[in-house]
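A.B. asks: Could you look at this predicted model? Sequence included:
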Amino acid sequence: MSAPPTQPISNQNSGFSLLFAILFFLVAAFACYAPVLSPGYAVSDDFYHLARTMRASDWYSTLLATTNLQGRPLDGLLLGFVLPLMKTVSDFAYLRFISLLGVAGVALCSYFLLVRFGWRRAHAAFLSVIFTSIPAFQVLVSWSIASLYIFPAIGAYFAVWFGLKGLDEDLKRPVKVAYVGAAVISLFLALSLYQPTSMFYWLFVAITLFNDSAFTRETGKRAILMLVIFGLAAALNLAYFEGAKAVIGTASLLPQRSHLVTDIGNKVHWFVSEPLKEALNLNRLQASPKMAATLALFLAGGLTLFFRGSILMRAAQLLLAVSLIVLSYLPNLAIAENFGTYRTQAGLEVLILFYFALAAKGVLRTLSGKSDGIIYSAGLSGLAALSIMVAHVHVLNFFVIPQTLELGLMKQQVYGEFGPAMEKHPLILKREETLAPFVRYDEFGLPSLAQSWVPEPVTFLLLKERPKDKTLVSSKAASQR
């Protein structure tokens, strides 16, 4: 097999040094998500799991059963380790900090692969920032109990890295087989933590397949091997899921989550009209069908211009690119349930963004003869800056501020500051009474207390954290009344 398009990163003279790249992505991650480090809030399931950990003797076995029945055994193990370390709601900020470091790690992985396959370092850096400011990451970083779901994207990167080593003709066959095995294990572990962010795998595969070099026989071999690696890892995850159902039972699972899809036509319609439409709206939370259709046409035309070769070869590459879109959402397409929240769209969102970057290159190359000149650089840097600002505003206005206000309001009521009536029967915000600009799914802007299983754990945690002076003040006020 021929060598990758460029030399290893350490041998290149231009662009960022490794240390500067790490610093750059840390700064970008903090610029995007610094508001989530506020200790004054948590989100829906955070309260539920923390309260159960403190007072339910079977919390760990129940957690393991639930996560195993979702094909996520690693999720249960990690939460089982982390949750007992949480003593108050404010401790969740530490978990969100770890997630923020994970965001920088995902950006660094994307950057490494982009540079390896021919992207200029500055462009690779900007694009990596864009990848990690997507709506899916905005949800995961803001939601403590889901914040570790960032890390499967890093596992997906190593699966691709091991897979590329397995194609190295300079290695002996047993060594290459060992690398392929390591790729399968790496992707299986990623799937065992959270399947949707594991679909970053297809972004990384796309980076290795679609670049300024011509699509060759070696590229085709690379595509086939990456598909085999995914197939084996997915088969292992599915086998684990089916085994868990056989051992534990499916009573605690929604029926549509425990069965594979049977109505293919309805699933295709749902995929196009919901998740794909939202991904084609990029960072816009109120998805527009017109914008989705416009971007889809731009991607189809721009990618056709970007790909090299005959009309037939370009059509084949376009078909492959579309196939990766479907594969990037496969975990949710495979089950009967049609409920595609933003957190499930991670792989789909970043793949659309990557295709947008390629399509822009194709258009610029056709119009001006240069695909990575000053116009492209200015566009990417501007889009990266805009993505950071939008992500920052979203986590602030849809998570941190409304959740902090909601928890503060609940705390004042439970502590008796609005009188004994509201202390016993506090006001619970309904879904439509959001303190955010609007609500999207059970994520952006949804009041935590609107979920039926949340008010009681919140009350328990607030009373447990209640300062003694608050108890005395409440008692005196009640006696004076």
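C.D. replies: All right, it came through fine.
A.B. asks: Can you list the residue ranges for strands in the stretch 301-450 of the chain?
C.D. replies: Using DSSP state E, counting those that start in this stretch, the stretch 301-450 of the chain contains no strands.
A.B. asks: How about the contacts made by residue 281?
C.D. replies: 287-288, 291-292, 295 (C-beta atoms under 8 Å, 6 or more residues apart in numbering). For the C-beta atoms, the positions are set from N, CA and C on the backbone; glycine is no exception.
A.B. asks: Now which of these would you call buried?
C.D. replies: 287, 292, 295 (16 or more other C-beta atoms under 10 Å).
A.B. asks: What helix or strand is the last one located in?
C.D. replies: Using DSSP states H and E, residue 295 sits within helix 289-306.
A.B. asks: Run through the stretch 351-481 of the chain and note the low-pLDDT ranges.
C.D. replies: Applying pLDDT under 70 to the stretch 351-481 of the chain flags residues 468-481.
A.B. asks: got any ranges where the chain has weak pLDDT?
C.D. replies: In the chain, residues with pLDDT under 70: 1-16, 251-258, 468-481.
A.B. asks: in it, which helix has the most residues?
C.D. replies: helix 217-248 (DSSP state H).
A.B. asks: which secondary structure elements does it contact?
C.D. replies: Identification of packing neighbours for helix 217-248 by 3 or more C-beta pairs under 8 Å, 6 or more residues apart in numbering; DSSP states H and E yields helix 59-68, helix 152-165, helix 173-193, helix 200-209.
A.B. asks: Recalculate using a threshold of 10 Å.
C.D. replies: In terms of contacts (3 or more C-beta pairs under 10 Å, 6 or more residues apart in numbering; DSSP states H and E), helix 217-248 is packed against helix 59-68, helix 73-82, helix 152-165, helix 173-193, helix 195-198, helix 200-209, helix 311-327, helix 330-333.
A.B. asks: so the longest one versus helix 152-165, what angle?
C.D. replies: Between the axis of helix 173-193 and that of helix 152-165 there is an angle of 170 degrees, by axes from the mean of the first three to the mean of the last three C-alpha atoms, to 10 degrees.
A.B. asks: Distance from helix 173-193 to the middle of the chain?
C.D. replies: How far helix 173-193 lies from its chain's middle: 22 Å, per C-alpha atoms, centre = their mean, to the nearest Å.
A.B. asks: Tell me the buried residues in that helix?
C.D. replies: Buried residues in helix 173-193 (16+ other C-beta under 10 Å): 176, 179-180, 182-193.
A.B. asks: what angle do that helix and helix 73-82 make?
C.D. replies: Using the same axes, to 10 degrees: helix 173-193 against helix 73-82 is 60 degrees.
A.B. asks: got it, and the first one?
C.D. replies: Counting by the same axes, to 10 degrees, helix 59-68 lies at 160 degrees to helix 73-82.
A.B. asks: Can I get helix 59-68 as PDB, trimmed to CA atoms?
C.D. replies: Presented in PDB, the C-alpha positions along helix 59-68 are these (Å, rounded to 0.1, in the frame of the first residue of the first chain):
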ATOM      1  CA  TRP A  59     -28.500   1.400  42.900                       C
ATOM      2  CA  TYR A  60     -25.400  -0.300  41.400                       C
ATOM      3  CA  SER A  61     -27.100  -3.500  40.200                       C
ATOM      4  CA  THR A  62     -30.000  -1.500  38.700                       C
ATOM      5  CA  LEU A  63     -27.600   0.800  37.000                       C
ATOM      6  CA  LEU A  64     -25.600  -2.100  35.500                       C
ATOM      7  CA  ALA A  65     -28.800  -3.800  34.400                       C
ATOM      8  CA  THR A  66     -30.100  -0.700  32.700                       C
ATOM      9  CA  THR A  67     -26.800   0.100  30.900                       C
ATOM     10  CA  ASN A  68     -26.200  -3.500  29.900                       C
END
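A.B. asks: quick one: buried residues of the following helix or strand past the longest helix of the chain?
C.D. replies: Going down the chain from helix 217-248, the next helix or strand is helix 264-273, by DSSP H and E. Neighbour-count burial for helix 264-273 flags 267, 270-271 (criterion: 16+ other C-beta under 10 Å).
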